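# Attaching a predicted model along with its sequence, questions to come.
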Amino acid sequence: MNSMIGCVALAALMGLHVPAQAQAGTTGRTVRLFILSGQSNAGGKGVGSELPAEYRDLGPDVLGYGKGFKELAPLRPYPRKDFGADNTAFGAEITFAYFAKKAFPDDILCIAKQTEGACSIVAWDKNWQRPDWKSDLARVKNENKEPQYPELIGVIRGAQRALAARADVGAVVLSGVLWVQSERDDNHPGTAADYEQNLRALIANLRADMEVADLPFLFADGNGRQNLAVLRAGMKRVADTVPNTALVSIEGLPRGDKVHYNAAGQVELGRRFAEAYLRLAGRAPAP
């Protein structure tokens, strides 16, 4: 994992650098905005009723936006019909926010989610209008998927606008991206081999379009069974060579089936994401 942060990157992570598009006002509190994106394990299949009690109420300063939230609201498991005792589900966002808030107790935190189940990273290609985009998706039977990159940008911009409109907010700082996606691309040797270049492109495009050159980008390790060695080797090379990135282990995470992490798995995944992020930020994880 590349740990070269430098003074400028560290300032950004500590909230000292506020990108021009993130300015909300001259006074008020700082909001740290994090993005969680990817396929179904990013959306989360943790059963809401199985979420441990200490993570159920994160307080009014921890917000959700995007998937499961029509507008800014306190972060909680999202509604999911016929799912568990209370028809809710959650992903890594809950425990990530819990531990991040401990590290930044004076700031407002927001997790904005944009996910699409059973979906290749190719769907998040900024250049989705290229002639061979559909054929690339067809390798993993995704030719009918809609472009996800515009959706992702829309969720980020929507969250920024909603947060900036709050009277108590001084600045909205886009602080990091959590990426949980790889399962679909494991299904074909071509998409597994192309994953490295596609991940590099996604990181570069988001950093350019959000105007945050050192935007922290953390991604869960490859999850699959067919082309996993190729997939993981490419992801490791990205983490080793792209500054301000981190590869988050999924080893030993409890699952509800062969692919999806259950409640305990999502709780632990969120904790691992928080630990990796705080390590990048030069902050020791709070107990």
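Sure, I can see it.
# which element is Lys101 on?
For Lys101, the element it lies in under DSSP states H and E is helix 93-103.
# which is the next helix or strand following that helix?
Scanning onward from helix 93-103 (DSSP H and E), the first element met is strand 108-115.
# which helices and strands sit right next to that following strand?
strand 29-38, helix 40-43, strand 62-66, helix 93-103, helix 149-164 (3 or more Cβ pairs under 8 Å, 6 or more residues apart in numbering; DSSP states H and E). Where you see a C-beta, it was placed from the backbone N, CA and C, and this is true even at glycine.
# rewinding a little: can you give me the angle the helix holding Lys101 makes with strand 29-38?
Interaxial angle, helix 93-103 versus strand 29-38 (axes from the mean of the first three to the mean of the last three Cα atoms, to 10 degrees): 150 degrees.
# Go through helix 93-103 and flag the buried ones.
Glu93, Ile94, Thr95, Phe96, Ala97, Tyr98, Phe99, Ala100, Lys101, Ala103 (16 or more other Cβ atoms under 10 Å).
# Turn those residues into CSV, including pLDDT.
Shown next, in CSV, are the buried residues of helix 93-103 (pLDDT from 0 to 100):
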residue, pLDDT
Glu93, 98
Ile94, 98
Thr95, 98
Phe96, 98
Ala97, 98
Tyr98, 98
Phe99, 98
Ala100, 98
Lys101, 97
Ala103, 96
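# Kindly reformat the residues you listed as JSON lines containing distance to Gly66.
Converted to JSON lines, the buried residues of helix 93-103 look like this (distance: Cβ to Cβ, whole Å):
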{"residue": "Glu93", "distance to Gly66": "10"}
{"residue": "Ile94", "distance to Gly66": "14"}
{"residue": "Thr95", "distance to Gly66": "18"}
{"residue": "Phe96", "distance to Gly66": "14"}
{"residue": "Ala97", "distance to Gly66": "13"}
{"residue": "Tyr98", "distance to Gly66": "18"}
{"residue": "Phe99", "distance to Gly66": "20"}
{"residue": "Ala100", "distance to Gly66": "17"}
{"residue": "Lys101", "distance to Gly66": "18"}
{"residue": "Ala103", "distance to Gly66": "23"}
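# of the residues you listed, closest to Arg279?
Ala103 (10.8 Å; Cβ to Cβ).
# Burial check on the residue nearest to Lys258 when sequence neighbours are not counted, number of neighbours?
Nearest non-adjacent residue to Lys258, counting by Cβ to Cβ, 6 or more residues apart in numbering: Arg225, 7.5 Å away. By other Cβ atoms under 10 Å, the residues close to Arg225 number 10.
# Arg225: what secondary structure?
Under DSSP: H, G, I helix; E, B strand; the rest coil, Arg225 falls in the coil class.
# Repeat that for Ser135.
Going by three-state DSSP: Ser135 is helix.
# Could you pull out the strands in this structure for me?
Remark: strands assigned in the chain by DSSP state E are 29-38, 46-47, 62-66, 69-74, 78-79, 88-90, 108-115, 169-180, 217-220, 245-248.
# now for the second one, which elements pack on it?
It refers to strand 46-47. Applying 3+ Cβ pairs under 8 Å, 6+ apart, one finds that strand 46-47 contacts strand 88-90, helix 263-280.
# cool, and the fourth one?
The helices and strands touching strand 69-74, judged by 3+ Cβ pairs under 8 Å, 6+ apart, are strand 62-66, helix 149-164.
# Using PDB, write out every CA atom in that strand.
Only the C-alpha atoms of strand 69-74 are listed here, as PDB (Å, rounded to 0.1, in the frame of the first residue of the first chain):
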ATOM      1  CA  PHE A  69     -32.100   8.400   1.500                       C
ATOM      2  CA  LYS A  70     -34.300  10.800  -0.500                       C
ATOM      3  CA  GLU A  71     -32.600  13.700   1.300                       C
ATOM      4  CA  LEU A  72     -30.100  14.200   4.000                       C
ATOM      5  CA  ALA A  73     -31.000  12.200   7.100                       C
ATOM      6  CA  PRO A  74     -29.300  10.700  10.100                       C
END
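# Report the residue spans of the chain with pLDDT below the cut-off.
Applying pLDDT under 70 to the chain flags residues 1-26, 285-287.
# Try it again at 90.
Filtered on pLDDT under 90, the chain yields the residue ranges 1-27, 68-70, 81-85, 283-287.
# Regarding it, what is its longest helix?
Ranked by residue count under DSSP state H, the longest helix found in the chain is helix 189-209.
# Extract the C-alpha set from that one and format it as CSV.
What follows is helix 189-209, C-alpha atoms only, in CSV (Å, rounded to 0.1, in the frame of the first residue of the first chain):
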residue,chain,number,x,y,z
PRO,A,189,-10.8,-13.4,-17.7
GLY,A,190,-10.9,-10.3,-19.9
THR,A,191,-12.7,-8.0,-17.3
ALA,A,192,-10.5,-9.4,-14.6
ALA,A,193,-7.3,-8.6,-16.6
ASP,A,194,-8.7,-5.1,-17.4
TYR,A,195,-9.7,-4.3,-13.8
GLU,A,196,-6.4,-2.6,-13.0
GLN,A,197,-6.6,-0.1,-15.8
ASN,A,198,-10.3,0.5,-15.2
LEU,A,199,-9.7,1.1,-11.5
ARG,A,200,-6.9,3.5,-12.2
ALA,A,201,-9.1,5.4,-14.6
LEU,A,202,-12.0,5.6,-12.1
ILE,A,203,-9.6,7.1,-9.5
ALA,A,204,-8.1,9.6,-11.9
ASN,A,205,-11.5,10.7,-13.3
LEU,A,206,-13.1,11.2,-9.9
ARG,A,207,-10.1,13.2,-8.7
ALA,A,208,-10.1,15.4,-11.8
ASP,A,209,-13.9,15.9,-11.9
